[in-house]
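Q: Only the shape, not the letters, is given here:
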């Protein structure tokens, strides 16, 4: 049969799959395999389609078996298109193990994927490789191996920090941010500040909204690390930088970080017994955000009002 017939039937499969007619879609994969016969690319596409629909039907053992069939058939291929499918066979198989909480099998599958593909990274494979690193880090976290998690993030950053793909760079920012969180959790405050600075400096001019949110969060977290080191002036300086630079931003997620910076600044001023500036900051919070509908910001405004009322009460005697 012709490629035209294969394409027509594959399009029908896609429609069935998109319409969640999974049993009908699965039946079509057997017809597709009959048509494909020995044409390797068509066989690879069909087996990947079959594994997808088996996953959707929650027939996970059959799905992993099908991914294994793809791997066994095409692990030594030199066809670029099939290699891309092969990478996703490894990746999707690992995702099934993650779903089943079989973390050791998941980790082993990610390792095989990286071992096979990391040395010859094509632009087409960058996305699946960075996602593999991120998922591998999550898997190691589930296995309670924090030190290895940080090493995985660092390896990913080293491999992809110079990518021209915006989505890849966004994942690099996530890796840097997560390293900062891990160092913070371990109270390695100086290391956390160093990583947050790397993230901020690398992505401070980004146009990507999600990455910009991470940059601003990194600034807020960096200030918190300074506070833990009792470097109050440095912490206040960073909070002021966030407020000044982003107070007119239109994105609510960014404004939440501005509000948190003002809130944290108020708390810090209270600890420093700087009542005058504390009152000014509370006034600023109320003035800027009293009309916000966001729950986090509303709670910050309420806290500012409570602080003001408490101070007014204390000064009435």
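A: That came in fine, so what should we check first? This is a predicted model, so every value here is computed, not measured. Residues are numbered from 1 along each chain as shown.

Q: How about the secondary structure of the spatially most central residue of the chain?
A: The structure's the chain has its C-alpha centroid closest to residue 174; by Cα atoms, centre = their mean the separation is 5.4 Å. What DSSP: H, G, I helix; E, B strand; the rest coil gives for residue 174 is helix.

Q: What's the separation between it and residue 67?
A: 26 Å (Cβ to Cβ, to the nearest Å). Any C-beta I mention is one placed from the backbone N, CA and C, and that applies to glycine too.

Q: swap in residue 291?
A: Where residue 67 is concerned, residue 291 sits at a distance of 52 Å (Cβ to Cβ).

Q: which of the two has more neighbours?
A: When neighbours are counted by other Cβ atoms under 10 Å, residue 291 and residue 67 differ, and residue 67 comes out ahead with 28 against 8.

Q: Would you agree residue 140 is in contact with residue 149?
A: Yes. Using Cβ atoms under 8 Å, residue 140 is in contact with residue 149, at 4.7 Å.

Q: Check which helices and strands the one helix or strand residue 129 maps to sits against.
A: Using DSSP states H and E, residue 129 sits in helix 126-142. The contact analysis (3 or more Cβ pairs under 8 Å, 6 or more residues apart in numbering; DSSP states H and E) places helix 126-142 against helix 80-99, helix 103-117, helix 146-160, helix 166-185.

Q: is it possible to export the ones you listed to CSV including mean pLDDT and distance to residue 221?
A: CSV is the format used below for those (pLDDT from 0 to 100; distance: least, Cβ to Cβ, whole Å):
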stretch, mean pLDDT, distance to residue 221
helix 80-99, 97, 27
helix 103-117, 97, 28
helix 146-160, 95, 16
helix 166-185, 97, 6
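
Q: any chance of those in JSON lines, with distance to residue 131 too?
A: Compiled in JSON lines, the helices and strands packed on helix 126-142 are given as follows (distance: least, Cβ to Cβ, whole Å):
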{"stretch": "helix 80-99", "distance to residue 131": "7"}
{"stretch": "helix 103-117", "distance to residue 131": "10"}
{"stretch": "helix 146-160", "distance to residue 131": "10"}
{"stretch": "helix 166-185", "distance to residue 131": "7"}
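
Q: nearest to residue 57, of those?
A: helix 80-99 (12.4 Å; Cβ to Cβ).

Q: May I see the buried residues of that closest one?
A: 82-98 (16 or more other Cβ atoms under 10 Å).

Q: Then stretch 238-253?
A: Quick answer for stretch 238-253 (16+ other Cβ under 10 Å): 238, 239, 242, 243, 246.

Q: which one among these gets closest to residue 277?
A: residue 239 (11.8 Å).

Q: Figure out the helix or strand that the closest one lives in.
A: Secondary structure assignment for residue 239, by DSSP H and E: helix 232-246.

Q: what distance separates the helix or strand immediately after that helix in the chain from the middle of the whole chain?
A: Next in sequence after helix 232-246, counting helices and strands by DSSP H and E, comes helix 252-271. When C-alpha coordinates are averaged (Cα atoms, centre = their mean, to the nearest Å), helix 252-271 and its chain have centres 24 Å apart.
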